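1. heads up, no residue letters with this:
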């Protein structure tokens, strides 16, 4: 059981280290919060035998959504910018709150049982790795959102600048019209034509001069209002342009700040990956040390039995070596009688009195 748990733990740690060392892709939506499956149906509603569904777990039950026709995600283009930013931050805070609850559970478990600390520490680091990965991805998304919004504001600035240039051209054109149109000259010309003899040519010239005189009068009457209106519109557009530039700078500042947050989260993930690798190496070393401690503290050395010690320490237990004369007598006896046992016993009886002599 214990090797299986250790192998599972090492596999999870290696996967987390590999994930932390990979650069996070940009424009990747953050992970969605886990969906809790509904509890298994009761035997009364499914028609199963009593006790048949009591062993089912909520994780093993998957039910399709009842109605997905009206549940369409709002496109990013149709979602207002402030709503999108608020939604991203709110969803991130919800996911982070869930991770904090998980980290607190590991802290409580290790506090109640010090032996679980070695398992709780890498688990906390794994959750912190997920938290920094989520922070990095969410920060990159917000940085891209603010950068895109800054580009849109820049296009609006260009439109306002074009409007201001157009109004200034209107003011310049109205000033030139005031200079070129001389009402007094037209009135003199009309008076001179009136003194000439009546003819179709004179009538046509008089109508043309009268039309130009009417236009000059209208221009003189409307020109101040047009100039005032053009000046006011140009001034108002200039103020709006300044506000747009300020807004663009604010968006760019926020985009750079979120980009810095994403870089900070990425660097933290690298550091946490190193920390998780340290926990992996330490866990392996602690397992080897624990096995060595158990193997060395219960060692029982093998000693000889008391009978062996008594036998080895006894002075009369060992037979005395045979001399050459004894061996010669034993040999002659065996050659003469052929009875080895009798000759051996006879030689032993002869040798016993000699062994009993004091040294």
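-> Yep, it's here. Predicted, not measured: the structure shown is a model, and the values here were computed from it.

2. max-length helix in this protein?
-> As assigned by DSSP state H, the longest helix anywhere in the chain is helix 200-297.

3. so what secondary structure elements neighbour the helix or strand hosting residue 127?
-> For residue 127, the element it lies in under DSSP states H and E is helix 117-180. Counting by 3 or more CB pairs under 8 Å, 6 or more residues apart in numbering; DSSP states H and E, the packing neighbours recorded for helix 117-180 are helix 2-21, helix 81-112, helix 200-297. C-beta: built from backbone N, CA, C; applies to glycine.

4. Could you give the number of residues near residue 124?
-> If you count neighbours by other CB atoms under 10 Å, residue 124 ends up with 20.

5. Then residue 141?
-> So residue 141, with other CB under 10 Å, has 21 neighbours.

6. what about the residue nearest to it when sequence neighbours are not counted, distance to residue 257?
-> Using CB to CB, 6 or more residues apart in numbering and skipping residues adjacent in sequence, the residue nearest residue 141 is residue 88, 6.2 Å away. Separation of residue 88 from residue 257 (CB to CB, to the nearest Å): 15 Å.

7. got it, and residue 346?
-> Distance of residue 346 to residue 257, given as CB to CB: 115 Å.

8. and if you look at residue 283?
-> Residue 283 is 38 Å from residue 257, where distance means CB to CB.

9. secondary structure element for residue 185?
-> helix 183-195.

10. Which residues does that helix contact?
-> Helix 183-195 has contacts (CB atoms under 8 Å, 6 or more residues apart in numbering) with 202, 205, 206, 209, 210, 212, 213, 216, 217, 220.

11. Can you say which of the residues you listed are buried?
-> 205, 206, 209, 212, 213, 216 (16 or more other CB atoms under 10 Å).

12. Which residue in the residues you listed has the weakest pLDDT?
-> pLDDT is lowest at residue 216 among the buried ones among the contacts of helix 183-195; the value there is 71.

13. Tell me what angle the longest helix of the chain forms with helix 81-112.
-> Orientation note: helix 200-297 sits at an angle of 10 degrees relative to helix 81-112 (axes from the mean of the first three to the mean of the last three CA atoms, to 10 degrees).

14. Which residue is the nearest non-sequential neighbour of residue 186?
-> According to CB to CB, 6+ apart, the nearest residue to residue 186 is residue 213 (4.5 Å).

15. average model confidence for stretch 87-106?
-> Mean predicted confidence for stretch 87-106 is 92.

16. Counting neighbours, which bits of it end up buried?
-> Going by neighbour count (16+ other CB under 10 Å), the buried part of stretch 87-106 is 88, 91, 92, 95, 103, 106.

17. what does stretch 261-272 give?
-> Across stretch 261-272, burial judged by 16+ other CB under 10 Å covers 261, 262, 265, 266, 268, 269, 272.

18. want to throw those into a markdown table with distance to residue 137 and pLDDT?
-> Shown next, in a markdown table, are those (distance: CB to CB, whole Å; pLDDT from 0 to 100):
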| residue | distance to residue 137 | pLDDT |
| --- | --- | --- |
| 261 | 11 | 96 |
| 262 | 8 | 95 |
| 265 | 8 | 95 |
| 266 | 10 | 95 |
| 268 | 13 | 94 |
| 269 | 11 | 93 |
| 272 | 15 | 91 |
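
19. ok, of those, which one's closest to residue 239?
-> Proximity of the buried residues of stretch 261-272 to residue 239 (CB to CB) peaks at residue 261, which lies at 33.3 Å.
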